[in-house]
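>>> structure for this input, please:
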Amino acid sequence: MAKTPSLTKEDFEKASSNKELLEIINKKNINIDKVKDRVFYEDELKKLQIELVKLQQWISKNKKRVAIIFEGRDAAGKGGNIRRFTEHLNPRSTRLVALTKPTEVERGQWYFRRYIKELPNSGEIVFFDRSWYNRAVVEPVMGFCNESQYENFMVQVPEFEHMLCEDNLILIKFWFSISKGEQLSRFNARIETPLKRWKFSPVDRKGQELWDDYTHYKEQMFSKTHTSYSPWIIVRANNKKVARLECIRYVLSQFNYEGKDKALTTLLPDPNIIMRYHRSSKQLD
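Numbering: from 1, shown residues only. Coordinates of the predicted model:
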C-alpha cells in the first residue's frame with residue numbers, strides 16, 4: 001500500500017514563509033482542500049462581521065428597528081447562524097429572543113402578544129431563534145394547537161406583519177432548508193457530542209418520523225405568508241459554513257449603511273444558496 005504523503009519537521013524548518021510551505025505541500029501532492037476551505041471561511045466571516053459592526057452602528061445612529069427571524073426544521077443551523085451574526089456586535093443594541101413554551105397566562109392571551117413585547121426598540125436589532133411561526137408548523141404537527149387556533153393564526157399573520165411594515169419595522173424572514181439525511185446526521189452528532197447533547201429533545205426525535213407532516217405545513221405557511229412586504233428567504237443550509245456566510249451577505253445587502261462601499265469582500269449573496277420562496281423552486285426539504 002502506498003504511503004500517504006505528509007509534512008515533516010524538516011519541511012517546516014525549511015519553509016521561511018507560508019508561500020514556501022505551500023510550494024512544499026504542492027510538490028508532495030498533499031491534499032489540503034479542507035484546510036483551504038476552512039481558511040477561506042474564517043477570512044470571509046471576519047470581513048463580513050466587520051460589515052455587521054458598521055451596519056449596527058448605522059442602525060443605532062438612524063434609529064432603525066430590525067427583526068430577523070430564523071426558522072427551519074430542527075438542526076437546520078439557526079442557532080449557529082445567529083451566533084456568527086452576533087458574536088462581535090454591541091450587546092446594548094442587540095438581543096436574542098428564544099422563547100420557551102407559553103405560560104398558562106400567555107395561553108389565555110392573543111397569540112402574538114408574547115412576541116410583540118420582544119420586538120426591537122429604536123436603534124436595535126433583534127434575532128428570533130424561532131418566532132410566532134411556531135404556530136404555522138411545529139404546533140400543528142406536534143398537536144400543540146387546535147385547528148381553530150391554527151386557522152386564525154394563518155389569517156392574522158399577514159395582517160400582523162403588514163402592520164409592522166407600515167410602522168417602519170424592518171423584518172427579514174429566513175427559512176433554513178436541509179435534507180432529511182442531513183438532519184439525521186446532525187441529530188446523531190448531537191447525541192454523540194457531550195457539548196451538544198443538550199440540544200437534542202423528544203421533539204427532535206419526531207422530526208424524522210413526521211418529516212412529511214412538517215413539509216405539508218411548511219408549504220402551507222409559505223403559500224399564505226410569503227408576501228411582497230414580508231417575503232420568505234430560503235437558505236440552502238446543508239453546508240453550515242456556506243449558509244452562515246451567505247445569510248450575513250443577504251442581510252448586509254438589504255441596507256445602504258455608511259462605509260458599505262469600503263467592504264473587503266462581496267456583499268451580494270449567492271443566488272444558488274439564498275433565494276426568495278417560489279412555488280416552483282426545488283427545496284432540500
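>>> Leu96: which element?
strand 94-97 (DSSP states H and E).
>>> what's the answer for Met275, then?
Going by DSSP H and E, Met275 is part of strand 274-276.
>>> the closest residue to Glu147 other than its chain neighbours and Ser93, how far apart?
With sequence-adjacent residues excluded and distances taken as Cβ to Cβ, 6 or more residues apart in numbering, Glu147 is closest to Pro140, at 7.9 Å. From N, CA and C alone the C-beta is placed, and that goes for glycine too. Distance of Pro140 to Ser93, given as Cβ to Cβ, to the nearest Å: 35 Å.
>>> circling back to that earlier point, what is the burial count for the residue nearest to Glu147?
24 (other Cβ atoms under 10 Å).
>>> coming back round to it: for the strand holding Met275, name the packing helices and strands.
Using 3 or more Cβ pairs under 8 Å, 6 or more residues apart in numbering; DSSP states H and E, the elements in contact with strand 274-276 are strand 232-236, helix 240-253.
>>> how far does stretch 278-285 stretch from start to finish?
The first and last residues of stretch 278-285 sit 14 Å apart, counting by Cα to Cα, to the nearest Å.
>>> helices or strands up against the helix or strand bottoming out on mean pLDDT in the chain?
None of the helices or strands of the chain scores lower by mean pLDDT, DSSP states H and E than helix 18-27, at a mean of 78. Counting contacts by 3+ Cβ pairs under 8 Å, 6+ apart, helix 18-27 is packed against helix 9-14.
>>> could you list the residues in contact with the helix it packs on?
The contact list for helix 9-14, computed with Cβ atoms under 8 Å, 6 or more residues apart in numbering, reads Glu20, Leu21, Ile24.
>>> swap in stretch 238-254?
Applying Cβ under 8 Å, 6+ apart, the external contacts of stretch 238-254 come out as 37, 41, 44-45, 48-49, 51-52, 55, 68, 77, 80-81, 84-85, 170, 172, 174, 176, 178-179, 182, 233, 235-237, 260, 263, 266-270, 273-274, 284.
>>> and what of stretch 93-103?
Residues contacting stretch 93-103 (Cβ under 8 Å, 6+ apart): 56, 59-60, 82, 86, 114-115, 118, 120, 123-131, 144.
>>> just those residues: which are in strands?
If you go by DSSP state E, the contacts of stretch 93-103 have Glu124, Ile125, Val126, Phe127, Phe128, Asp129 in strands.
>>> and Ser201, how close does it get to Thr265?
Distance from Ser201 to Thr265, by Cβ to Cβ: 37 Å.
>>> more neighbours: these two, which one.
Taking other Cβ under 10 Å, Ser201 and Thr265 do not tie; Thr265 has more neighbours (16 against 11).
>>> what's the closest non-adjacent residue to that one?
Nearest non-adjacent residue to Thr265 (Cβ to Cβ, 6+ apart): Lys47, at 4.4 Å.
>>> pretty sure that neighbour contacts Lys262?
No. Applying Cβ atoms under 8 Å as the test, Lys47 and Lys262 come out as separate, 11.1 Å apart.
>>> so if I had to pick from these two, which one is more boxed in?
Neighbours per residue, other Cβ under 10 Å: of Lys47 and Lys262, the larger number sits with Lys47, 16 against 9.
>>> quick revisit: distance from the strand holding Leu96 to the middle of the chain?
Between the centre of strand 94-97 and the centre of its chain there are 14 Å (Cα atoms, centre = their mean, to the nearest Å).
>>> and that strand, which strands flank it?
If you go by DSSP bridges, strand 94-97 pairs up with strand 124-129 (parallel).
>>> quick check: buried residues in the strand it pairs with?
Residues Glu124, Ile125, Val126, Phe127, Phe128 are the ones in strand 124-129 that count as buried (16 or more other Cβ atoms under 10 Å).
>>> same question for stretch 174-191.
Residues Phe174, Trp175, Phe176, Ser177, Ile178, Lys180, Glu182, Gln183, Arg186, Phe187, Arg190 are the ones in stretch 174-191 that count as buried (16+ other Cβ under 10 Å).
>>> which residues are contacting that stretch?
With Cβ under 8 Å, 6+ apart as the test, stretch 174-191 has contacts from 68-78, 81, 196-197, 199-200, 204, 207-208, 211, 218, 222, 232-238, 243, 247, 277, 283-285.
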